[in-house]
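S.K.: what follows is a predicted protein model with its sequence.
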Amino acid sequence: MDFQTPIPVIEESITSVSVPEEVSSGRTPLPKIPREFFERSTGKAVFFLLYATALWLLPAAGIYRLASDGSLGWGIKAPAIFLLALVAQQGLHLFGWIGHESFHFNLFKSKKANVATGLLFSSLIVGHNGFGFALSHWHHHRFTNQPEDPDWQVFARFRTALSRFLFARLMADVRYLGNGLLAAAGKWDKDMRGFPLGPSEIRWYARANLLVSAFWLLLFGTLVDLHPVPGLLSVGLPLLLITLLTGLRPYLEHAGTGRSLFTTSRTRTSPLLSAFYYFNNYHLEHHLYPRVPCYNLARVHHWLSEKGFLAKGGALVEHGFWNNLRYVTRRYQYPGQ
């Protein structure tokens, strides 16, 4: 089944996303949801930016202060630093989601504001090329869970929890960087139908991404050079943790899923995950309606549930917080394996 669906990007009147004939002719066609779910809120977008920044910056500053405090022993400091680093990495994780939302053009009405926001925040994750991710992610939506899906090509090769933990995110970031370098050189030749940026814009924004990334790398490098131990712990430790932990997330969302309309991805409804992810844990709803801002995805979920569409379509919904961790194990593989 080929989900080669042009995803509308900048139309203000959009109320649903078109789907291929073989899907829409089935028993569970894509429902037409209320227009209000597609409405963007500048206030909620700005809150998202501030929330993510606080979730990263405050614990990172706490790590820096603890590491600089000579009056405390490392037996006390080390556990506190590790816990703070776990929180800080989730802030960095949200920076990645800001990039994700920005390159779906869901945060602001202005195309340039979305791109600028995405580049600025996603580049704070050293080693992650946000624009290269956006180019790959466009095809992830077109070919979800198929061999043409760039995510399938990266993540399906890792079959155990340990290999996913150690290598999955690293390999994905290598691909995203390669995408960004190709685009910056004007050599990105993939079919980008429906993408709101033309070849010239893709080239220049890819170059801008490299410059913004270099700026943050220089800033962090200067901090580490001036204050090696506090700098490494406050900057480097959250970056290490995000590289390891986010390698598991694609399996939580797609391992053990299928290719029918309501089974291409998994939604996890835990309120705690909603807080951690700023509602990006409603991943199935995002795949169904990629032009809905993340903070409205829970509303989409409840609407679909109340109307009976999720049950009728056999939607994959995980309600527990800890239960969803089983999808990172060998028992659950990427579709097609």
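M.R.: Cool, the structure landed.
S.K.: I'd like to know how many residues surround the closest residue in space to residue 272 that isn't next to it in sequence.
M.R.: Leaving aside its sequence neighbours, residue 272 sits nearest to residue 321 (Cβ to Cβ, 6 or more residues apart in numbering; 5.4 Å). All C-beta spots, glycine's among them, are computed from the backbone N, C-alpha and C. When neighbours are counted by other Cβ atoms under 10 Å, residue 321 registers 14.
S.K.: surely residue 321 is in a helix?
M.R.: No. Residue 321 is assigned coil when assessed by DSSP: H, G, I helix; E, B strand; the rest coil, not a helix.
S.K.: dump the residue contacts of it.
M.R.: Residues counted as contacts of residue 321 (Cβ atoms under 8 Å, 6 or more residues apart in numbering) are 270, 272-273.
S.K.: any chance of CSV for those residues, columns pLDDT and neighbour count?
M.R.: Compiled in CSV, the contacts of residue 321 are given as follows (pLDDT from 0 to 100; neighbours: other Cβ atoms under 10 Å):
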residue, pLDDT, neighbour count
270, 95, 17
272, 94, 10
273, 95, 19
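S.K.: format those residues as CSV; extra columns: distance to residue 195 and secondary structure.
M.R.: Converted to CSV, those look like this (distance: Cβ to Cβ, whole Å; DSSP: H, G, I helix; E, B strand; the rest coil):
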residue, distance to residue 195, secondary structure
270, 33, coil
272, 34, helix
273, 29, helix
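S.K.: could you list the low-pLDDT ranges of this protein?
M.R.: Across the chain, residues meeting the criterion (pLDDT under 70) sit at 1-28, 336-337.
S.K.: hmm, back to that, and the residue nearest to residue 272, how far is that from residue 262?
M.R.: Residue 321 sits at a distance of 22 Å from residue 262 (criterion: Cβ to Cβ, to the nearest Å).
S.K.: show me where the stretch 151-300 of the chain has strands.
M.R.: Assigned by DSSP state E, counting those that start in this stretch, the strands in the stretch 151-300 of the chain fall at 266-268.
S.K.: neighbours of residue 110, how many?
M.R.: Using other Cβ under 10 Å, the number of residues around residue 110 comes to 11.
S.K.: hang on, I meant residue 249
M.R.: Residue 249: 21 surrounding residues under other Cβ under 10 Å.
S.K.: that older thread, from residue 153, how far off is the residue nearest to residue 272?
M.R.: 30 Å.
S.K.: how about residue 63?
M.R.: Counting by Cβ to Cβ, the gap from residue 63 to residue 153 is 36 Å.
S.K.: so between those two, which is more surrounded?
M.R.: The residue with more neighbours, out of residue 63 and residue 153, is residue 63; 27 against 19, by other Cβ under 10 Å.
S.K.: farthest residue from the center of the chain?
M.R.: Within the chain, the residue lying farthest from the chain centre (Cα atoms, centre = their mean) is residue 71, at 39.8 Å.
S.K.: that's a helix at that residue, yeah?
M.R.: No. Counting by three-state DSSP, residue 71 is not found in a helix; it is coil.
S.K.: numbering from 3 from now on, please.
M.R.: Let's use 3 as the start, then, which means that last one is residue 73.
S.K.: mind listing the helices for the stretch 203-339 of the chain?
M.R.: Assigned by DSSP state H, counting those that start in this stretch, the stretch 203-339 of the chain shows helices spanning 230-233, 239-247, 251-256, 273-279, 285-290, 299-308, 311-314.
S.K.: buried residues, the last one. List them.
M.R.: The neighbour-count check on helix 311-314 (16 or more other Cβ atoms under 10 Å) flags 311-312 as buried.
S.K.: ok, now the first one?
M.R.: In terms of neighbour count (16+ other Cβ under 10 Å), helix 230-233 has its buried residues at 232-233.
S.K.: which strands and helices sit next to it?
M.R.: When contacts are defined as 3 or more Cβ pairs under 8 Å, 6 or more residues apart in numbering; DSSP states H and E, helix 230-233 packs onto helix 44-70, helix 201-228.
S.K.: with just CA atoms, put stretch 42-58 into PDB.
M.R.: The C-alpha coordinates for stretch 42-58 follow below in PDB (Å, rounded to 0.1, in the frame of the first residue of the first chain):
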ATOM      1  CA  ARG A  42      -3.000  27.800  15.500                       C
ATOM      2  CA  SER A  43      -2.600  29.700  18.800                       C
ATOM      3  CA  THR A  44       0.400  32.100  19.100                       C
ATOM      4  CA  GLY A  45       0.000  32.000  22.800                       C
ATOM      5  CA  LYS A  46       0.100  28.200  23.100                       C
ATOM      6  CA  ALA A  47       3.100  28.200  20.700                       C
ATOM      7  CA  VAL A  48       5.000  30.700  22.700                       C
ATOM      8  CA  PHE A  49       4.200  28.800  25.900                       C
ATOM      9  CA  PHE A  50       5.600  25.700  24.200                       C
ATOM     10  CA  LEU A  51       8.800  27.500  23.600                       C
ATOM     11  CA  LEU A  52       9.100  28.800  27.100                       C
ATOM     12  CA  TYR A  53       8.100  25.500  28.700                       C
ATOM     13  CA  ALA A  54      10.700  23.600  26.700                       C
ATOM     14  CA  THR A  55      13.400  26.300  27.500                       C
ATOM     15  CA  ALA A  56      12.700  26.200  31.200                       C
ATOM     16  CA  LEU A  57      12.700  22.400  31.200                       C
ATOM     17  CA  TRP A  58      16.200  22.400  29.800                       C
END
